[in-house]
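In: Please find the sequence and the predicted model below.
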Amino acid sequence: MQSPPSMASLQLSCTVLGTTAPKPHTLPNARRSRRFHVSCSGGPAEEGKVDRRNMLLGLGGMYGAANLVSDTKLARADPLLPPEFKSCGVAYVGEDPLDVNCCPPTSDVIKDYKLPPVHRLRVRRAAHRLNLANVAKYKRAVKMMRDLDVADPTDPRGFSQQANIHCAYCNGAHDQVGHEGLDIQVHFSWLFFPFHRWYLYFYERIMADLLKDPTFALPYWNWDQPKGMQLPWMFDEEDSSLYDPNRNQDRRPPAVLNLALNSTITDPVQIISNNLSLMYNEMIGTPASATDFMGKAYRDGDAPPTYPDGGTSEKGSHTAVHAWFGDPRNEYNEDIGNFYSAGRDPAFYSHHANVDRMWTIWNDIPADYQKAITDPDYLNASFLFYDEKKQLVRVKVADCFNHKKMGYDYEKVDIPWVRSKPPQRAAAVNIQDLSKGVKTAEKVFPLKLRKTTRVLVAKPTVGKADEVLVLENIVTDNRKLIKFDVFVNDEDDKPEEVDRAEYAGGFTQLPHRVKAKNSVSDLRLNLKQLYENINIADDDTVVVTIVPLINGEAVTIGGIKIVEAPTA
């Protein structure tokens with residue numbers, strides 16, 4: 001097996017920088033259905049073997065050394081099938097039906113898509129570095145798509161129709177084929193990256209075709225680099241086709257993006273330090289298997305996955321950008337702050353271009369686990385999209401692993417987060433002093449998360465060990481934006497600083513659709529590397545601090561425990 005590239009090859013130099021909302025769009029086509037710079041030279045690894053442990057790690061929990069095994073006995077021939085567009089119904093947020101039509105145009109002809117030959121790579125460039133000519137070209141492309149909305153609202157290439165793709169696949173407009181009442185959901189699972197890669201692929205090709213420019217490439221919002229940690233200026237010009245009034249007005253440029261979603265932090269240096277540390281954790285520190293990064297398995301007939309089932313990048317920077325810029329003047333934080341409306345904001349596509357870029361970077365980061373998911377239920381999962389010629393096509397996950405074969409690549413820029421591992425504590429805390437007055441778990445839980453809570457939790461093994469912190473039976477209101485953070489043995493009591501060794505991870509939820517008002521899930525945070533970083537002593541307990549940041553009153557946690565990490 002070929003050796004992975006060294007981490008040194010990834011470490012490049014960088015500089016740290018110091019109205020009334022409109023009514024949601026509707027379309028005439030709804031059916032009321034039966035239900036209400038890393039410069040990496042190595043070739044891209046194609047995704048990792050299935051980890052049947054399903055060890056769902058949350059943000060933060062640091063790097064484990066577990067190996068993957070293939071468990072073909074458990075594999076089923078049940079890949080998720082694409083939806084039936086003719087059976088499209090009403091989209092929801094939680095149990096609330098939306099007065100919006102997400103349904104795509106229907107077609108009696110569906111073609112299996114074949115990637116065309118690539119003669120020249122399109123280069124997606126960092127939005128903050130884009131020259132005026134390329135900005136003007138992007139504005140013109142979006143305007144042409146918006147003009148199609150007026151000329152023919154059913155044209156699948158129109159901006160509104162493209163935006164509705166995200167709504168249809170994410171907010172309950174489609175049942176799984178043959179499973180009435182089971183929504184299709186392309187978030188929180190191993191389908192997240194492939195679906196959005198195909199989505200941007202056709203969006204970009206539609207623009208290139210309208211412009212009659214095969215070299216056109218979608219700019220990416222370089223929010224993982226300090227110079228890109230604000231909304232790119234091209235999206236903030238009110239007379240531009242790239243502008244969306246449904247954004248948080250307090251977070252217009254030059255406001256610095258805060259991936260920690262802690263609005264009490266005002267120091268931009270601390271915000272950037274937090275951002276870089278969070279990026280390190282989700283890209284390098286946390287994943288111990290392919291599914292840790294990509295998301296849990298999701299097959300035909302499975303219940304829609306929920307937040308903890310997602311991968312580290314999806315739950316981390318991806319969700320944080322959505323939440324940070326969503327408009328709090330709107331009931332569900334529309335536009336970019338909710339799945340159903342996110343595609344209405346042109347910034348969404350550049351945001352997801354950088355999310356896709358994270359996938360390409362992760363593939364080239366050295367790791368002691370395999371990254372190629374070989375499960376046929378993953379490889380054969382499929383989606384439907386309209387191409388640039390208005391043809392309805394079927395695409396498979398297996399055909400999108402090599403982005404260069406899809407005809408595009410990313411401009412190489414500096415990536416400082418590869419060197420942003422949280423610093424190690426010089427000495428362990430005194431657990432006897434830290435735990436004075438702190439109640440044990442059985443006296444605290446179940447917990448309504450109205451305020452910061454500290455709890456003493458027993459460890460199965462004394463001192464450093466490969467263990468997982470589990471927050472059990474987390475009940476959340478799906479209609480609300482939610483965020484809380486978790487720290488271990490934190491004596492400094494500085495929840496605004498997540499660039500420290502004591503930060504274990506977090507939970508972030510965008511308003512979304514499930515069958516009931518509330519969803520129930522567990523959050524698992526890997527502690528092995530955290531124990532190393534905090535220099536934990538030979539203790540049999542730790543103090544866990546849970547800090548509500550957004551809508552903690554909408555969260556109930558049933559219990560907490562520390563368990564040994566599952567073995568492969």
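Out: Received it, and whenever you're ready, just let me know what you need.

In: shouldn't residue 223 be in contact with residue 354?
Out: Yes. Applying C-beta atoms under 8 Å, one finds residue 223 in contact with residue 354, separated by 6.0 Å. Quick note: C-beta positions are derived from backbone N, CA and C, even for glycine.

In: Name the residue in those two with the higher neighbour count.
Out: A direct count of neighbours by other C-beta atoms under 10 Å for residue 223 and residue 354 places residue 223 higher, at 27 against 23.

In: Which per-residue confidence value corresponds to that one?
Out: pLDDT, residue 223: 99.

In: Return the distance of it relative to residue 257.
Out: Using C-beta to C-beta, to the nearest Å, residue 223 is found at 5 Å from residue 257.

In: now swap in residue 485 and tell me
Out: Using C-beta to C-beta, residue 485 is found at 17 Å from residue 257.

In: Any idea how many residues pack against residue 436?
Out: By other C-beta under 10 Å, the residues close to residue 436 number 9.

In: same thing with residue 316?
Out: 25.

In: Quick one: the helices in the protein, in order.
Out: 132-151, 159-170, 192-211, 268-280, 290-294, 312-313, 319-325, 346-364, 376-379, 431-434, 528-534 (DSSP state H).

In: Could you chop this structure up by domain?
Out: Here the domain assignment for the chain is 7-16+81-419, 431-564, based on automatic domain parsing.

In: can you tell which of those is closest to residue 425?
Out: Closest to residue 425 of the domains of the chain, according to C-beta to C-beta: domain 431-564, at 4.7 Å.

In: tell me the contacts of the closest residue to residue 104 other than its chain neighbours?
Out: Closest residue to residue 104 apart from its sequence neighbours, by C-beta to C-beta, 6 or more residues apart in numbering: residue 85 at 5.4 Å. By C-beta atoms under 8 Å, 6 or more residues apart in numbering, residue 85 lies in contact with 103-107, 384, 392.

In: Can you go through those and name the buried ones?
Out: Buried by 16 or more other C-beta atoms under 10 Å: 103-105, 107, 384, 392, out of these.

In: which residue sits closest to residue 357 in space, ignoring its chain neighbours?
Out: Excluding the flanking residues, the one nearest residue 357 by C-beta to C-beta, 6+ apart is residue 410, at 5.0 Å.

In: One more: residue 392?
Out: residue 107 (4.1 Å).

In: next one: phi and psi at residue 329?
Out: Main-chain torsions, residue 329, degrees, to the nearest 10: phi -70, psi -20.

In: Tell me the predicted confidence for it.
Out: Reading off the model, residue 329 has pLDDT 96.

In: same deal with residue 362?
Out: Taking residue 362 on its own, its pLDDT is 98.

In: Thought residue 312 was touching it, still the case?
Out: No. Using C-beta under 8 Å as the test, residue 362 is too far from residue 312 to be in contact (9.2 Å).

In: overlap in contacts of these two?
Out: Shared contacts of residue 362 and residue 312, counting by C-beta under 8 Å, 6+ apart, come down to 283, 287, 293.

In: How much space separates the last one from residue 362?
Out: If you measure residue 293 against residue 362 using C-beta to C-beta, the figure is 6 Å.

In: Give me the common contacts of those two.
Out: Joint contacts of residue 293 and residue 362 (C-beta under 8 Å, 6+ apart) are 283, 287, 313.

In: Report the contact partners of the last one.
Out: Residues in contact with residue 313, defined by C-beta under 8 Å, 6+ apart, are 282-283, 293, 355, 358-359, 362.

In: Make JSON lines from those residues and add neighbour count to it.
Out: Formatted as JSON lines, those follow (neighbours: other C-beta atoms under 10 Å):
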{"residue": "282", "neighbour count": "30"}
{"residue": "283", "neighbour count": "24"}
{"residue": "293", "neighbour count": "30"}
{"residue": "355", "neighbour count": "23"}
{"residue": "358", "neighbour count": "22"}
{"residue": "359", "neighbour count": "22"}
{"residue": "362", "neighbour count": "25"}
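
In: pLDDT score assigned to the closest residue in space to residue 333 that isn't next to it in sequence?
Out: Counting by C-beta to C-beta, 6+ apart, residue 326 is the residue found nearest to residue 333 once chain neighbours are left out, at 3.3 Å. Per-residue pLDDT puts residue 326 at 97.

In: Report the distance from stretch 184-203 to the chain centre.
Out: On the basis of C-alpha atoms, centre = their mean, to the nearest Å, stretch 184-203 sits 11 Å off its chain's mean C-alpha point.

In: State the mean pLDDT of it.
Out: In this model, stretch 184-203 has a mean pLDDT of 97.

In: Okay, buried residues for that stretch please.
Out: For stretch 184-203, the neighbour count (16+ other C-beta under 10 Å) marks 184-203 as buried.

In: Check stretch 432-452 too.
Out: Buried residues in stretch 432-452 (16+ other C-beta under 10 Å): 434-435, 438, 441, 444-445, 447, 449, 452.

In: And stretch 419-428, by the same measure?
Out: Buried residues in stretch 419-428, defined by neighbour count with 16+ other C-beta under 10 Å: 420-422, 425.

In: ditto for stretch 370-390
Out: For stretch 370-390, the neighbour count (16+ other C-beta under 10 Å) marks 370-371, 373-375, 377-379, 381-388 as buried.

In: Would you mind extracting the C-alpha trace of that stretch into PDB?
Out: C-alpha atoms of stretch 370-390 as PDB (Å, rounded to 0.1, in the frame of the first residue of the first chain):
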ATOM      1  CA  GLN A 370      -8.300   3.600   5.700                       C
ATOM      2  CA  LYS A 371     -10.400   6.200   3.900                       C
ATOM      3  CA  ALA A 372     -12.100   4.200   1.100                       C
ATOM      4  CA  ILE A 373     -15.600   3.200   2.000                       C
ATOM      5  CA  THR A 374     -16.200   0.000   0.000                       C
ATOM      6  CA  ASP A 375     -19.700  -0.800   1.100                       C
ATOM      7  CA  PRO A 376     -21.800  -1.300  -2.000                       C
ATOM      8  CA  ASP A 377     -24.800   0.400  -0.300                       C
ATOM      9  CA  TYR A 378     -22.700   3.500  -0.200                       C
ATOM     10  CA  LEU A 379     -21.200   3.200  -3.700                       C
ATOM     11  CA  ASN A 380     -24.600   2.500  -5.300                       C
ATOM     12  CA  ALA A 381     -26.700   5.100  -3.600                       C
ATOM     13  CA  SER A 382     -28.100   7.500  -6.200                       C
ATOM     14  CA  PHE A 383     -29.700  10.900  -6.700                       C
ATOM     15  CA  LEU A 384     -31.600  12.700  -9.400                       C
ATOM     16  CA  PHE A 385     -30.600  16.100 -10.800                       C
ATOM     17  CA  TYR A 386     -31.300  18.100 -14.000                       C
ATOM     18  CA  ASP A 387     -28.200  18.800 -16.100                       C
ATOM     19  CA  GLU A 388     -27.300  21.900 -18.100                       C
ATOM     20  CA  LYS A 389     -29.400  20.600 -21.000                       C
ATOM     21  CA  LYS A 390     -32.600  20.300 -18.800                       C
END
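
In: now that stretch: mean pLDDT?
Out: pLDDT averaged over stretch 370-390 equals 97, rounded to a whole number.

In: Point out where the stretch 1-150 of the chain drops to low pLDDT.
Out: 1-77 (pLDDT under 70).

In: and with 50 instead?
Out: Under the criterion pLDDT under 50, the flagged ranges of the stretch 1-150 of the chain are 1-75.

In: got the contact list for the residue nearest to residue 357?
Out: 123-124, 220, 357, 360.

In: about what we covered before: CSV for the buried residues of stretch 432-452, including distance to residue 406 and pLDDT?
Out: As requested, the buried residues of stretch 432-452 are arranged in CSV below (distance: C-beta to C-beta, whole Å; pLDDT from 0 to 100):
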residue, distance to residue 406, pLDDT
434, 52, 96
435, 54, 96
438, 53, 98
441, 49, 96
444, 50, 98
445, 47, 98
447, 46, 98
449, 43, 98
452, 46, 97
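
In: quick one, phi/psi of the nearest residue to residue 152 once chain neighbours are set aside?
Out: For residue 152, ignoring the flanking residues on the chain, the nearest one in space by C-beta to C-beta, 6+ apart is residue 158 at 7.2 Å. The phi/psi pair for residue 158 (degrees, to the nearest 10) reads phi -70, psi 160.
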